[in-house]
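Novice: Sequence plus the predicted model coming up.
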Amino acid sequence: MIVIDAGHGGHDPGAINPVSGTREKDVTLGLARAIRAELVETGRVRVALTRDVDRYLVLQDRYEIARKLKASLFISIHADAAENTEARGGTVYTLSEVASDREAQRLAARENRADIINGVNLGGEDKEVSSILIDLTQRETMGVAASFAKLLIREAQPKMILREKPHKFASFIVLKAPDMPSVLFETGYISNVDDADFLSSAEGQQKVARAVTSAVQAHFARRLARN
Ligand code: ZN
């Protein structure tokens, strides 16, 4: 079971391109549906979406949905934004309490803010999650997530534009399920015209979906071979 999470939704549009008005929440939903279709076609995995409509979900609900479904992989789909409209390319994030750089830290802060918009205080829950983080289960999970991130980058590289250092680490709330390997895929920049066009087009969405599907297949083939 693989759960695909379309970032944002409902009253939380995510990033918006100031010129075209392209909204992250629409792009992520289109991508999530394309990924589901491609994965289902393999006939080898079950797939669920955290949302299949324009609906708001608290960040924690997103991975809780996946945990209830006993997902063996959780992929959260997002698109980035930057003041520099030239900035473009995808990035794959996995969980770390220590962000790989300041930009990664800022991005995590921005994505995590989705819950504050809804007036939900995750302060208490966060502490609880932090203590679990020390657990070996979490370490193993983080290792599995990181190896999937590498596969995803390998498969995405020939199909779409990625950033120069496409694997980054940051403390995203949505990645904090201690027992379920999770990655956050920032598929490109909504603030960049070419990326926004690519991610909104059926062709672009299919390319992203194919990259994710190839990575998922390689990931499970590798894990089956090991066991
Ligand atoms: Zn986002």
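Specialist: Happy to help now that I have it.
Novice: Can you give me every residue that contacts residue 157?
Specialist: residue 166 (Cβ atoms under 8 Å, 6 or more residues apart in numbering). Any C-beta I mention is one placed from the backbone N, CA and C, and that applies to glycine too.
Novice: Quickly note the distance from it to the ion.
Specialist: To the ion, residue 157 is 22 Å away according to Cβ to the ion, to the nearest Å.
Novice: Which pLDDT value does the model give that residue?
Specialist: Looking at residue 157, its pLDDT reads 98.
Novice: now residue 215
Specialist: 98.
Novice: if I look at it, how far off is residue 26?
Specialist: Plainly put, residue 215 is 24 Å away from residue 26 if you go by Cβ to Cβ, to the nearest Å.
Novice: what do you get for residue 98?
Specialist: Relative to residue 26, residue 98 is positioned 33 Å away (Cβ to Cβ).
Novice: Compare neighbour counts for these two and give me the winner.
Specialist: residue 26 (21 against 9; other Cβ atoms under 10 Å).
Novice: does that one sit in a helix or strand, and which one?
Specialist: helix 24-42 (DSSP states H and E).
Novice: residues making contact with that helix?
Specialist: Everything outside helix 24-42 that qualifies as a contact, by Cβ under 8 Å, 6+ apart, is 2, 4-10, 12-16, 45, 47, 49, 51-54, 75, 77-79, 81, 187, 190, 196, 199-200, 202, 205-206, 208-210, 212-213, 216-217.
Novice: Which ones among those lie within helices?
Specialist: 196, 199-200, 202, 205-206, 208-210, 212-213, 216-217 (DSSP state H).
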